[in-house]
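# here's my sequence, what's the structure:
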Amino acid sequence: MKTFALVSTGALCFWMTSCDQTKTETVSAPDTPENVSQPSKSVTTTTPESVSTPAPPEPIENAKTLISVDEWKKKAANASEMEEIKTMKTLVKTGVDQPEAAIDFLVNAPHSPRRLATLRAVTAEWVKKDKDAVTAKADSLADEALRDVMRMSVVHNTSLEDIPTTKAWINGWTDASDKTKSVALGILDRKENPETPHVCGPGCVEHAE
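Here you go, the predicted model:
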């Protein structure tokens, strides 16, 4: 029985190669996300193009950049009419954005009819933005001619709703003559009632240049 078993086993082993032999096969693991070499990717970060900030607008010429008060005083006597006109026109433009600076220049500049007309124009621009500041500035001026011109500019540019407060302001002019007050109040009366007669004659402070 034993012999038969051995022979049978040997025969069986002869025909089956896997009996005493160990056959090792290397099986390649299937590609998985872990062992698959990924192609290198160069990540390009795109940033928005830097937006160029527009250059600020060119500053308008003002009294300080055009000419100083001292320089103007030195050359005013010999300045041509065109030079004076250019200076005054520039000051009117300046007065739109920098009214107080323009008025300070005019207050300290030499007297001239054109200077007073420019002061009136600058005041008219300023009063649209800050009436209280304008009236305070006018009241602070020591020069009577400048003070009257500036005050009259405020009066001329007073809106209908501001007439009561402007009249109260006029009545408080302790440094003004009765005639000046009367003229100023007359301007406001005609604003309220265009039929009010105009009593200001030639040389009246209302038209002072």
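# tell me, how many residues neighbour residue 126?
Other residues near residue 126 come to 24 when the count uses other C-beta atoms under 10 Å. Glycine gets a C-beta too; all of them are placed from N, C-alpha and C.
# residue 133 is in contact with that one, correct?
Yes. Applying C-beta atoms under 8 Å, one finds residue 126 in contact with residue 133, separated by 7.2 Å.
# hey, what's in contact with both of the two?
Common contact partners of residue 126 and residue 133 (C-beta atoms under 8 Å, 6 or more residues apart in numbering): residue 100.
# which parts of stretch 180-200 are buried?
Neighbour counts over stretch 180-200 (16 or more other C-beta atoms under 10 Å) mark 180-181, 183-189, 191 as buried.
# for stretch 80-93, that is, sorry about that
So, applying 16+ other C-beta under 10 Å, buried residues of stretch 80-93: 84, 87-88, 90-92.
# could I get that stretch in PDB with only the CA atoms?
Only the C-alpha atoms of stretch 80-93 are listed here, as PDB (Å, rounded to 0.1, in the frame of the first residue of the first chain):
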ATOM      1  CA  SER A  80       1.600 146.400 -18.800                       C
ATOM      2  CA  GLU A  81      -2.100 146.300 -19.000                       C
ATOM      3  CA  MET A  82      -1.900 142.800 -20.600                       C
ATOM      4  CA  GLU A  83       0.100 141.500 -17.600                       C
ATOM      5  CA  GLU A  84      -2.400 142.900 -15.200                       C
ATOM      6  CA  ILE A  85      -5.300 141.500 -17.100                       C
ATOM      7  CA  LYS A  86      -3.600 138.100 -17.200                       C
ATOM      8  CA  THR A  87      -3.000 138.100 -13.500                       C
ATOM      9  CA  MET A  88      -6.600 139.200 -12.700                       C
ATOM     10  CA  LYS A  89      -8.100 136.500 -15.100                       C
ATOM     11  CA  THR A  90      -6.000 133.900 -13.400                       C
ATOM     12  CA  LEU A  91      -7.200 135.000 -10.000                       C
ATOM     13  CA  VAL A  92     -10.800 134.700 -11.100                       C
ATOM     14  CA  LYS A  93     -10.100 131.100 -12.200                       C
END
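# that one - what's its average pLDDT?
Regarding stretch 80-93, the rounded mean pLDDT is 77.
# mind checking pLDDT for residue 40?
52.
# let me see the ranges of the helices in the chain.
Assigned by DSSP state H, the helices in the chain fall at 2-15, 63-66, 69-76, 81-97, 99-108, 113-127, 131-140, 144-156, 163-171, 178-192.
# lowest-confidence stretch among these?
In terms of mean pLDDT, the lowest-scoring of these is helix 2-15 (a mean of 45).
# alright, I will stop here.
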